[in-house]
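Colleague: Mind folding the following:
(chains A and B)
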Amino acid sequence: MAAAAAAAPTRTEVLALFRSLLRTAKQFSDYNIREYTRRRAADAFRENRALADAPAAAAAFSEGKKQLEVAKRQALVYSLYAPKAKSVMELKVQ
Amino acid sequence: MAMAAARRALLAHLRVPAVHPAAAGGTIPAARRLLSSTTEETKGSFLDKGEVADRVLSVVKNFQKVEPSKVTPTAHFQKDLGLDSLDTVEVVMAFEEEFSFEIPDNEAEKIDSIKTAVDFIASHPQAK
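Modeller: Here you go, the predicted structure:
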């Protein structure tokens, strides 16, 4: 299993994963969690952008896919407990 | 307003060939082309290109890594604005939010400059 996953993900696959994470982040109803998820995804992809060897890149990629599943599950759970009031950050400045 | 803009865009692109009645063969495809464009219009209306360009420019100017003075209608995200491929994904997501529609992955990959973004959004009937 580990040997099969050693091939490095392509650029397109990585960008698609990043896009999926950002899409999932947008689904959170709570401003703070939505922004945290977006920031967390962007930071992690920047941190790992220069992974040179294939196994490390493959490991980071599969970790990212796991995190995407976590985010999808949590977006669903949080939608059941959506905050009743908006965050002050979401209010439009007059 | 949007409908008027769409009608103007449609009229600007429609060309009905003037054929001599003897060569009547040409009129039938023209009629069919007219029919297909009207059904396309009912699915959604196209935004005016100038308005799309203004909104795209302001989205890119508001992106935190971009220097607003460098943003021009012909700027390339990576060559002129110094953005990397991850930033480009984020900018395209910001376009989706601004125009409230979803850009499929294979189309999002092709958007690499202000011009390609404006062309794609202006040709997309769901963009609002």
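
Colleague: So A:Ala54 is in contact with A:Thr10, correct?
Modeller: No. Between A:Ala54 and A:Thr10 there is no contact under CB atoms under 8 Å: 11.4 Å. For glycine as for every other residue, the C-beta is placed from the backbone atoms N, C-alpha and C.

Colleague: per-residue confidence averaged over stretch B:114-121?
Modeller: The average pLDDT within stretch B:114-121 is 92.

Colleague: Check stretch B:48-62 too.
Modeller: Mean predicted lDDT for stretch B:48-62 stands at 90.

Colleague: CA atoms only for that stretch, dumped as PDB, please.
Modeller: These are the backbone C-alpha positions of stretch B:48-62, laid out as PDB (Å, rounded to 0.1, in the frame of the first residue of the first chain):
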ATOM      1  CA  ASP B  48     -21.500  43.300 -20.300                       C
ATOM      2  CA  LYS B  49     -17.800  42.900 -21.000                       C
ATOM      3  CA  GLY B  50     -16.800  46.300 -19.700                       C
ATOM      4  CA  GLU B  51     -18.600  45.600 -16.400                       C
ATOM      5  CA  VAL B  52     -16.900  42.200 -16.100                       C
ATOM      6  CA  ALA B  53     -13.500  43.800 -16.700                       C
ATOM      7  CA  ASP B  54     -14.100  46.500 -14.000                       C
ATOM      8  CA  ARG B  55     -15.200  43.900 -11.400                       C
ATOM      9  CA  VAL B  56     -12.300  41.500 -12.300                       C
ATOM     10  CA  LEU B  57      -9.900  44.300 -11.900                       C
ATOM     11  CA  SER B  58     -11.200  45.300  -8.500                       C
ATOM     12  CA  VAL B  59     -11.200  41.700  -7.300                       C
ATOM     13  CA  VAL B  60      -7.500  41.400  -8.300                       C
ATOM     14  CA  LYS B  61      -6.600  44.700  -6.700                       C
ATOM     15  CA  ASN B  62      -8.200  43.600  -3.500                       C
END
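
Colleague: Report whether it contacts chain A.
Modeller: No. Stretch B:48-62 does not reach chain A (CB under 8 Å from any CB of the partner chain); its nearest approach is 13.7 Å.

Colleague: Okay, buried residues for that stretch please.
Modeller: B:48, B:52-53, B:55-57, B:59-60 (16 or more other CB atoms under 10 Å in any protein chain shown).

Colleague: just checking, which of these belong to helices?
Modeller: Counting by DSSP state H, the buried residues of stretch B:48-62 place B:52-53, B:55-57, B:59-60 in helices.

Colleague: Pick the one among those closest to chain A.
Modeller: B:Val59 (15.0 Å; CB to the nearest CB).

Colleague: can you list the residues of chain B near chain A?
Modeller: B:84-86, B:89-90, B:93, B:97, B:105, B:108-109.
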